[in-house]
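**Student:** Requesting a structural model of the entry that follows:
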Amino acid sequence: MNTTTWQDRQGIWAFALGCAAVTAGVLLHIPMFLMGRAMHFMLAGMPMGLDMVFGMGLIIAGCAIAAWGLLPRDIAGQHSAAAGIEIAAPEDAPLGQRHWLLMTVLVLALVIDTMKPASLGFTVPGMVGEYGVSRETVSLVPFFALIGTVTGSVVWGVLADIYGRKATILLSAVMFVGTSICGAMPSLAWNIGMCFMMGAAAGGMLPVTYALLAEMMPSRHRGWSLVLVGGLGAGGGYFAASGASTLLVPEYSWRILWLINLPTGLGLVFLGALIPESAKFLLARGRVAEAQAVMARFGATVRPASSAPITPPPPGRGALTGLQLYGKLTALSLTGLSWGLINFGLLLWLPAHFVAQGLSMEVASRLLAESALIAFPTIFAGALLYSLWSTKWALETAIAITLLGLGGVLRMELLGTGSPVLPVAMLIVGINGIIAILLPYTAESFPLRIRARAIGWVAACTKAGGVIAQALFIARLVPSIGIVAGAIMAPMALAFVLTALFGKETRGGDLRHLDGEPVPA
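**Tutor:** Got it, this is the predicted structure:
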């Protein structure tokens with residue numbers, strides 16, 4: 001047995017031990033939950049036992065051990081092995097069963113991931129009743145969860161560029177398991193702290209998934225697969241959260257929505273066996289043997305370096321550097337920030353505003369309830385436009401539709417007349433289009449060395465808009481709807497202009513051009 005094999009086995013056993021410790025730590029909290037059975041699982045004010053404190057220690061230690069087990073081994077000694085090797089990357093391969101399996105697994109992973117933050121809205125009424133506090137106070141739970149997702153998106157993006165894509169997904173899943181103890185916390189303060197950790201774990205899954213998928217899918221299938229996987233994962237997560245709330249909350253209270261993180265998080269850990277590490281990441285780290293094994297399964301090949309003709313990058317599709325890089329990052333960041341302000345702010349405030357204007361609560365609520373039905377067609381339409389027409393202009397179209405919706409809301413408020421149906425519908429279509437396209441476009445726009453952290457940053461911006469919106473609500477400083485719509489139009493319009501100036505077409509492009517790599521003809 002060579003040293004590398006022994007180190008790899010050490011890592012596997014350390015990861016398994018860490019998972020077992022985290023699981024045991026969660027199980028030590030279950031007796032507290034069951035103690036409240038006679039009171040419909042109301043635990044407010046109950047003291048925390050030593051078993052729960054010990055369980056928290058196990059969770060912290062388990063996450064640390066799992067993280068150590070996932071650290072890459074002997075990177076420095078492997079870089080020289082890549083010399084003299086020319087790679088036919090996975091993006092050159094035909095679409096096969098392995099690609100479909102990867103897409104299916106990542107959709108399931110995103111469903112599990114999205115369930116966590118999507119459940120927040122379903123827990124608020126229960127917490128208001130159990131802890132006897134106002135909705136503004138309970139709003140601290142989603143507020144700190146959103147801060148967690150902002151933090152997680154940035155941190156996990158950086159970790160994915162160090163640990164690798166698969167390792168980061170697995171570490172995030174272990175943290176999911178640990179945060180399920182939120183369902184047994186007897187105080188609101190503990191819930192706030194645990195929800196921050198839940199947000200930190202959930203915030204990194206989406207950007208890392210996009211980075212992995214972008215690097216493993218064939219170039220001509222990359223666009224539609226990115227949009228479809230992200231859209232189905234997000235939509236499925238919200239559907240799963242609402243379904244769990246309908247089926248489980250009446251019997252087990254709002255706490256069960258956190259406790260189911262245990263089985264779903266463990267399910268994600270086991271799904272990790274079907275998730276490959278990015279071959280491009282492995283090659284960049286000099287781990288040639290592992291990259292060869294992954295690429296063989298995905299229909300790509302490894303061959304000796306040759307003097308074969310090199311395909312130059314198409315005009316405007318070369319390496320992204322300097323002003324072009326930062327201009328594009330600014331454009332996508334502003335788009336994400338504006339989307340968060342609309343999704344977590346404006347659309348949530350509209351029903352109360354419409355009721356104050358004289359509409360019935362039924363009509364006002366229905367306007368937003370129908371957004372779930374509108375979302376799925378928008379996802380498929382976005383995937384078609386993105387893959388068959390233009391990646392850049394599909395995003396610009398979604399931004400333009402959102403701007404028209406904001407303008408419609410502003411006009412309605414200034415004139416004091418008009419139906420809200422069309423402006424709200426345009427807002428819903430626009431933001432669904434943006435969220436379906438924004439991160440896939442980011443994944444195809446940045447070089448390998450910073451891809452995951454760029455996606456993580458843009459994803460963090462989408463949640464940062466929500467943090468700002470929630471902070472205004474908690475402080476009771478929400479301005480009029482007209483002012484909100486007008487204020488959001490400014491960064492959204494600037495994002496439209498900057499995307500037009502600095503955005504590059506990525507449809508069907510070879511990601512190796514972004515890294516300045518030679519691409520064989």
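**Student:** Next, name the residue at the spatial heart of this structure.
**Tutor:** Central residue of the chain (CA atoms, centre = their mean): Leu206, 2.7 Å from the mean position.
**Student:** which residues of the stretch 251-400 of the chain fall in helices?
**Tutor:** 256-259, 261-271, 279-284, 288-297, 322-341, 347-356, 361-369, 371-384, 391-415 (DSSP state H, counting those that start in this stretch).
**Student:** Worst mean pLDDT among these?
**Tutor:** Mean pLDDT values for the helices of the stretch 251-400 of the chain show the minimum at helix 361-369, a mean of 54.
**Student:** Tell me how the chain divides into domains.
**Tutor:** The record's domain split for the chain, according to automatic domain parsing, is 96-297, 322-503.
**Student:** Can you tell me which of these is packed in deepest?
**Tutor:** Of these, the one with the most neighbours on average (mean count of other CB atoms under 10 Å) is domain 96-297, at a mean of 22. C-beta coordinates here come from the backbone N, C-alpha and C atoms, glycine included.
**Student:** Run through the stretch 401-521 of the chain and note the low-pLDDT ranges.
**Tutor:** Of all residues in the stretch 401-521 of the chain, those with pLDDT under 70 make up the ranges 417-421, 508-521.
**Student:** Helices of that one, start to end?
**Tutor:** Assigned by DSSP H, counting those that start in this stretch, the helices in the stretch 401-521 of the chain fall at 421-443, 451-474, 481-502.
**Student:** Send me the last one as CSV with only the CA atoms.
**Tutor:** To tie it back to what came earlier, the one meant is helix 481-502. Extracted as CSV, the C-alpha positions of helix 481-502 are listed here (Å, rounded to 0.1, in the frame of the first residue of the first chain):
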residue,chain,number,x,y,z
ILE,A,481,-44.2,50.7,-2.2
GLY,A,482,-43.6,53.4,-4.8
ILE,A,483,-40.4,54.5,-3.2
VAL,A,484,-39.2,50.9,-2.8
ALA,A,485,-39.9,50.2,-6.5
GLY,A,486,-38.2,53.4,-7.6
ALA,A,487,-35.2,52.8,-5.4
ILE,A,488,-34.7,49.2,-6.8
MET,A,489,-34.9,50.4,-10.4
ALA,A,490,-31.7,52.4,-10.0
PRO,A,491,-29.3,49.4,-9.3
MET,A,492,-31.3,47.2,-11.7
ALA,A,493,-30.9,49.7,-14.5
LEU,A,494,-27.2,50.1,-13.8
ALA,A,495,-26.9,46.3,-13.9
PHE,A,496,-28.6,46.2,-17.3
VAL,A,497,-26.1,48.8,-18.7
LEU,A,498,-23.0,47.1,-17.2
THR,A,499,-24.1,43.7,-18.5
ALA,A,500,-24.5,45.2,-22.0
LEU,A,501,-21.0,46.7,-21.7
PHE,A,502,-19.0,43.9,-20.0
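**Student:** ranges for the strands of the stretch 51-200 of the chain?
**Tutor:** Counting by DSSP state E, counting those that start in this stretch, the stretch 51-200 of the chain has strands at residues 85-88.
**Student:** do you know how far the residue nearest to Gly69 when sequence neighbours are not counted is from Cys63?
**Tutor:** Distances taken as CB to CB, 6 or more residues apart in numbering put Ala14 closest to Gly69, at 3.0 Å, once the chain neighbours are dropped. Separation of Ala14 from Cys63 (CB to CB, to the nearest Å): 12 Å.
**Student:** who has more neighbours, the two?
**Tutor:** Remark: of Ala14 and Cys63, Cys63 carries more neighbours, 22 against 18, as counted by other CB atoms under 10 Å.
**Student:** Touching, that one and Cys19? I think so.
**Tutor:** No. Using CB atoms under 8 Å as the test, Cys63 is too far from Cys19 to be in contact (9.6 Å).
**Student:** intersection of neighbour lists for the two?
**Tutor:** Common neighbours of Cys63 and Cys19 are listed as Val174 (criterion: CB atoms under 8 Å, 6 or more residues apart in numbering).
**Student:** For stretch 30-48, give the distance from the opening residue to the closing one.
**Tutor:** This stretch, stretch 30-48, spans 12 Å end to end (CA to CA, to the nearest Å).
**Student:** how about it: buried residues?
**Tutor:** The neighbour-count check on stretch 30-48 (16 or more other CB atoms under 10 Å) flags Ile30, Met32, Phe33, Gly36, Phe41, Met42, Leu43, Met48 as buried.
**Student:** So among those residues, where is pLDDT lowest?
**Tutor:** Scoring those by pLDDT puts Phe41 last, at 73.
**Student:** In a helix, it, correct?
**Tutor:** No. Under DSSP: H, G, I helix; E, B strand; the rest coil, Phe41 sits outside any helix and is assigned coil.
**Student:** Now the helices of the stretch 401-521 of the chain in a markdown table, please, with extra columns for distance to Leu337.
**Tutor:** What follows is the helices of the stretch 401-521 of the chain, written out as a markdown table (distance: least, CB to CB, whole Å):
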| stretch | distance to Leu337 |
| --- | --- |
| helix 421-443 | 11 |
| helix 451-474 | 5 |
| helix 481-502 | 6 |
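**Student:** Relative to Leu120, which of those helices is closest?
**Tutor:** Closest to Leu120 of the helices of the stretch 401-521 of the chain is helix 451-474 (CB to CB; 10.5 Å).
**Student:** Mind giving me the packing neighbours of that closest one?
**Tutor:** Under the contact criterion of 3 or more CB pairs under 8 Å, 6 or more residues apart in numbering; DSSP states H and E, helix 451-474 touches helix 140-160, helix 188-203, helix 205-216, helix 322-341, helix 421-443.
**Student:** Now those in TSV, please, with extra columns for distance to Leu350.
**Tutor:** Output for the helices and strands packed on helix 451-474, formatted as TSV (distance: least, CB to CB, whole Å):
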stretch	distance to Leu350
helix 140-160	18
helix 188-203	24
helix 205-216	26
helix 322-341	13
helix 421-443	7
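**Student:** For Leu494, find the nearest of those.
**Tutor:** helix 322-341 (5.8 Å).
**Student:** Tell me how far the closest one lies from the chain's centre.
**Tutor:** In terms of CA atoms, centre = their mean, to the nearest Å, the centre of helix 322-341 is found 17 Å from the chain centre.
**Student:** neighbouring contacts of that helix?
**Tutor:** Contacts for helix 322-341 (CB under 8 Å, 6+ apart): 320, 395, 399, 402, 431, 434-435, 438, 441-442, 445-446, 454, 457-469, 484, 488, 491-492, 494-495, 498-499, 501-504.
**Student:** now for the helices of the stretch 401-521 of the chain, which one comes closest to Arg9?
**Tutor:** With CB to CB as the yardstick, what comes closest out of the helices of the stretch 401-521 of the chain is helix 451-474 (26.7 Å).
**Student:** Now do that closest one and helix 322-341, the angle between them.
**Tutor:** 40 degrees (axes from the mean of the first three to the mean of the last three CA atoms, to 10 degrees).
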